[in-house]
Every structure is written in structure tokens, then in C-alpha cells.
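Visitor: A structural model of the following input is requested.
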Amino acid sequence: MQRIIKDGAVVLDNWHLLDKDTTLDALPNSDNLIVPFKLWAEHAHALKARDGKLGIWLDSDEQAEDIADDLANFQLIALNFPSFADGRNYSNARLLRERFGYTGELRAIGDVLRDQLFFYLRCGFNSFAVRADRDAEDALGSLKDFSEVYQSAVDQPQPLFRRRG
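Guide: Next up is the predicted model:
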């Protein structure tokens, strides 16, 4: 099992992230699965009938709006960062939290590096699958790199000038 950062601690991951080429026939009935958006779009009815928990992952070229009506079906939404330079899923994270009111687990996957965890957190992520060649324990410390923030975001809706007493 992979170790991930979830809610400020390093834990063992009990979810299985499926590849884009996974077919419905290959799915176990009771595992916790994170399915690609394409599989969900084609087989939502069958996936909802499974016994295990269900999560979905969106690639950086897929939109949060496409799953907005289905959010109640997902205990986890993973947003893929194929490259550290591709930040499109920061916007999806904010949309999921602020516009669509998603309160479940929101996970960053892909090229997830220590230097970006604080910014993921600000956009509403609460779990992070750090890249396999990096240490999750080391990355955990980056969530406390800054003691105060000036701008408003998902994690702190009030800007600093409004919080001053």
C-alpha cells in the first residue's frame, strides 16, 4: 500500500487508483476504487451498484462541471497533475469546494511535489499522493511552511486585512 498525506498525517492508502484503460469487467465488487472519468461517464449505473466505496479522478483537461450533478456518489475525488507545471486542476479543486460544495476527500495525484502541497491545501485539497520517488514524511512538513496567509482561499475565506482585530 502506498503512503499518502491525508488531513495532516501520513497514512496508508486504502484506495485503488485505476488506469485509463481499465474496463468494467476487470473491477472487483468490494474494493475502494478511484475510477477515471471516462469509465464513470460510460458505466455510471454499474459503478453505483458496486459494494465498495467509489471515487473518481479527473485529468487536467477534464472539467469539474462534468461531475457536478454526481458528487453525492463519490467519497473521494482525485485531481491529476500530469506535470508540476500543469496547474489546471487547482481551478477544478476550488470549483468543487466553493461552487459545487463538495465536502468529501479531495486528493492531488500525479506529479505531486513537496513545494506545491501548501498551495494544494489552499485550494481545498485534504489529501496528497506524493510522487513515488519522494518521501511523504518529508513532504508533510511543507504544510506548515507559512504561518500566515494574506489572500483569501478555500482554507481561509477571510483575507488578512479582514482578520486583523
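
Visitor: May I ask which helix or strand of the protein has the lowest mean pLDDT?
Guide: Taking mean pLDDT, DSSP states H and E as the measure, helix 160-163 is the helix or strand of the chain with the lowest mean score, a mean of 87.

Visitor: quick one: buried residues of that one?
Guide: The neighbour-count criterion (16 or more other C-beta atoms under 10 Å) identifies no buried residues in helix 160-163. (Glycine included, C-beta is placed from N, CA and C.)

Visitor: Pull out the C-alpha coordinates of it and format them as CSV.
Guide: Taking C-alpha atoms only, helix 160-163 is exported to CSV below (Å, rounded to 0.1, in the frame of the first residue of the first chain):
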residue,chain,number,x,y,z
LEU,A,160,-5.7,39.1,6.4
PHE,A,161,-6.9,42.8,6.5
ARG,A,162,-10.4,41.5,7.4
ARG,A,163,-9.0,39.2,10.2
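
Visitor: Other residues contacting that helix?
Guide: Residues outside helix 160-163 that contact it (C-beta atoms under 8 Å, 6 or more residues apart in numbering) are 148-151.

Visitor: hey, what's the spatially most central residue of the chain bridged with?
Guide: Centroid-nearest residue in the chain: Arg107, 2.0 Å away (criterion: C-alpha atoms, centre = their mean). Partner residues in beta bridges with Arg107, using DSSP bridges, are Ala78, Ser127.

Visitor: Who are the contact partners of it?
Guide: Listed by C-beta under 8 Å, 6+ apart, the contact set of Arg107 reads 4, 34, 55, 76-79, 125-129.

Visitor: This structure: helices as residue ranges?
Guide: Secondary structure of the chain (DSSP state H): helices located at 37-48, 88-94, 117-123, 136-140, 160-163.

Visitor: returning to that earlier point: gap between the least confident helix or strand of the chain and the chain center?
Guide: Its chain's C-alpha centre lies 28 Å from the corresponding centre of helix 160-163 when counted by C-alpha atoms, centre = their mean, to the nearest Å.

Visitor: low pLDDT regions in the chain?
Guide: In the predicted model, the chain carries pLDDT under 70 at residues 165.

Visitor: If we use 50, what do you get?
Guide: The chain contains no residues with pLDDT under 50.

Visitor: wait, isn't Pro159 in contact with Tyr150?
Guide: Yes: A contact is recorded between Pro159 and Tyr150 when judged using C-beta atoms under 8 Å, the distance being 6.4 Å.
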